[in-house]
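> Pasting a predicted model and its sequence here:
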Amino acid sequence: MATRHNKAIITAVLALAATLFGCAHNSYRSDIGNGLSGQAVRATLAAQVINPAAALNPNPAAGLDGNNARAAVQRYEAPPETNNGAVSTIHLTTK
């Protein structure tokens, strides 16, 4: 009988400890109220933007003539070419 009583006390103490542990301070959530939540995501997103004022450009296609634009769209919409296992070589030049 004493063993059963001891098990009940130990179970109650562990349940109380688990309940109180849920109220413990969590440093991960401590930055929610001070405006720092998501700061790393915003910084990473800002680092990926090349020109933040690009959306304000009234003529984004300036410098691209009609023939080259049409050819670019046709290449984009065309199905991919098959190379039958051949290795493609890309030549890069600098001006």
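Ah, there it is.

> Mind jotting down where the helices sit in the chain?
Secondary structure of the chain, counting by DSSP state H: helices at 2-21, 39-47, 66-77.

> Let's have those helices in JSON lines, adding mean pLDDT, mean neighbour count and distance to residue 94.
Backbone N, C-alpha and C define where each C-beta goes, glycine included. Output for these, formatted as JSON lines (pLDDT from 0 to 100; neighbours: other Cβ atoms under 10 Å; distance: least, Cβ to Cβ, whole Å):
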{"stretch": "helix 2-21", "mean pLDDT": "86", "mean neighbour count": "9", "distance to residue 94": "62"}
{"stretch": "helix 39-47", "mean pLDDT": "87", "mean neighbour count": "9", "distance to residue 94": "26"}
{"stretch": "helix 66-77", "mean pLDDT": "90", "mean neighbour count": "9", "distance to residue 94": "21"}
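
> now these in a markdown table, with distance to residue 91?
Below are the helices of the chain laid out as a markdown table (distance: least, Cβ to Cβ, whole Å):
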| stretch | distance to residue 91 |
| --- | --- |
| helix 2-21 | 63 |
| helix 39-47 | 31 |
| helix 66-77 | 18 |
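
> I'd like to know which of those is closest to residue 56.
Among those, the nearest to residue 56 by Cβ to Cβ is helix 39-47 (16.9 Å).

> Just the CA trace of stretch 44-62, in CSV.
C-alpha atoms of stretch 44-62 as CSV (Å, rounded to 0.1, in the frame of the first residue of the first chain):
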residue,chain,number,x,y,z
THR,A,44,18.1,38.7,-45.7
LEU,A,45,15.4,39.9,-48.0
ALA,A,46,16.9,43.4,-48.2
ALA,A,47,20.3,41.9,-49.0
GLN,A,48,18.8,40.2,-52.1
VAL,A,49,17.4,43.4,-53.6
ILE,A,50,19.8,44.8,-56.2
ASN,A,51,18.0,48.1,-57.0
PRO,A,52,15.2,49.0,-54.5
ALA,A,53,14.0,51.8,-56.8
ALA,A,54,13.6,49.6,-59.8
ALA,A,55,9.8,49.6,-59.5
LEU,A,56,9.7,53.3,-59.9
ASN,A,57,11.2,53.1,-63.5
PRO,A,58,8.5,54.3,-65.9
ASN,A,59,10.2,52.5,-68.9
PRO,A,60,11.8,49.3,-67.8
ALA,A,61,12.4,48.0,-71.3
ALA,A,62,14.4,51.0,-72.6
